[in-house]
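>>> fold the following, please.
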Amino acid sequence: MKRVVALYFIVLFGAILLRVDYFPLSWVPMYGAREPAPNVIVKIGDKAEREAGFVAVRANGETVMVGPDDLNIPNANYRRLYNQRAFNNGPPQDDRERLALAPINRWWYETFVGPDPRLNKNYVGELLHSINATFGYGPADPRRIVRLEASLRYAEYHRSHLDQGDLSRPEIDRRTAIITETGAFIRKGDKLEPMPRGIDSKVGEIE
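Residues are numbered from 1 along each chain as shown. Predicted coordinates:
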């Protein structure tokens, strides 16, 4: 029995030391991170707009809406698809597992787990693929989804206002994620920019 207990603690603390977040017997305190920035940017969710669904275009040119009921997933999971994955933001584990790693831990991850997932993010491509797979649409199906759009408002709070406790004057802009089979883009007003694929600034989220 003593050997079993000793082995358990060796494996447990080994997992913590190596920050193996997905190890089932340990909890690693890596879900909170503070990164100073001159301004604070948050996404502002619109429940009604989100529940209406993605604007989706089929291969045959038909435009439809794809919402949580269509995908048969809980609202919380759908919110992550709409607010995060569509804007190429991954789960906290992917964003934070490699932050400020000790050299031995970084070597362990790069050698046995793989490259940092933040360096070449493609959650948007996975989203388009998974939605088509959910509906059972193959590559030759005219009903295949070839374009998705999701829109959110972003609020930017300036440091000078935050220092005064004033949250009444954020700069608001609307951004639309556009996901296609050949690439993904962000539309900000009249500008269309490629979707960021690497490490970018963190954006909070409020409903």
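
>>> not counting stretch 72-92 itself, show me its contacts.
Identification of contacts with stretch 72-92 by Cβ atoms under 8 Å, 6 or more residues apart in numbering yields 31, 43, 45, 50-51, 54, 67-68, 71, 95, 117-118, 121-124, 126-127, 134, 148, 150, 152, 175, 177, 179, 184, 186, 195-197, 203, 205. The way it works is simple: take the backbone N, C-alpha and C, and place the C-beta from them, glycine included.

>>> do the same with stretch 112-121
Residues contacting stretch 112-121 (Cβ under 8 Å, 6+ apart): 88-90, 94-95, 97-98, 109-110, 196-199.

>>> and the gap between Lys2 and Phe9?
Taking Cβ to Cβ, to the nearest Å as the measure, Lys2 falls 11 Å from Phe9.

>>> ok, which stretches of the protein are strands?
In the chain, the strands defined using DSSP state E lie at 39-44, 54-58, 63-66, 145-158, 171-180, 183-188, 191-194, 204-206.

>>> the more surrounded of Lys2 and Phe9?
Comparing Lys2 with Phe9 by other Cβ atoms under 10 Å, the one with more neighbours is Phe9, at 11 against 6.

>>> pLDDT value on the more buried one, please?
Phe9 is assigned a predicted lDDT (pLDDT) of 76.

>>> Arg19 now?
Reported pLDDT for Arg19: 57.

>>> just the buried ones from the contacts of stretch 72-92?
Neighbour-count burial (16 or more other Cβ atoms under 10 Å) applied to these gives 43, 50, 54, 67-68, 71, 95, 117-118, 121, 123-124, 127, 148, 150, 152, 175, 177, 179, 184, 186, 195, 203.

>>> hmm, Arg175 is touching Glu149, no?
No: counting by Cβ atoms under 8 Å, Arg175 stays clear of Glu149, with 10.9 Å between them.

>>> okay, now the unreliable bits of the protein?
Along the chain, segments meeting pLDDT under 70 span 15-35, 199-207.

>>> the helices in this structure, which residues?
2-17, 47-52, 68-71, 75-83, 92-96, 103-108, 123-135, 159-163 (DSSP state H).

>>> would you turn those helices into JSON lines with distance to Pro38?
Listed next are those as JSON lines, based on distance: least, Cβ to Cβ, whole Å:
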{"stretch": "helix 2-17", "distance to Pro38": "34"}
{"stretch": "helix 47-52", "distance to Pro38": "29"}
{"stretch": "helix 68-71", "distance to Pro38": "36"}
{"stretch": "helix 75-83", "distance to Pro38": "24"}
{"stretch": "helix 92-96", "distance to Pro38": "20"}
{"stretch": "helix 103-108", "distance to Pro38": "28"}
{"stretch": "helix 123-135", "distance to Pro38": "27"}
{"stretch": "helix 159-163", "distance to Pro38": "5"}
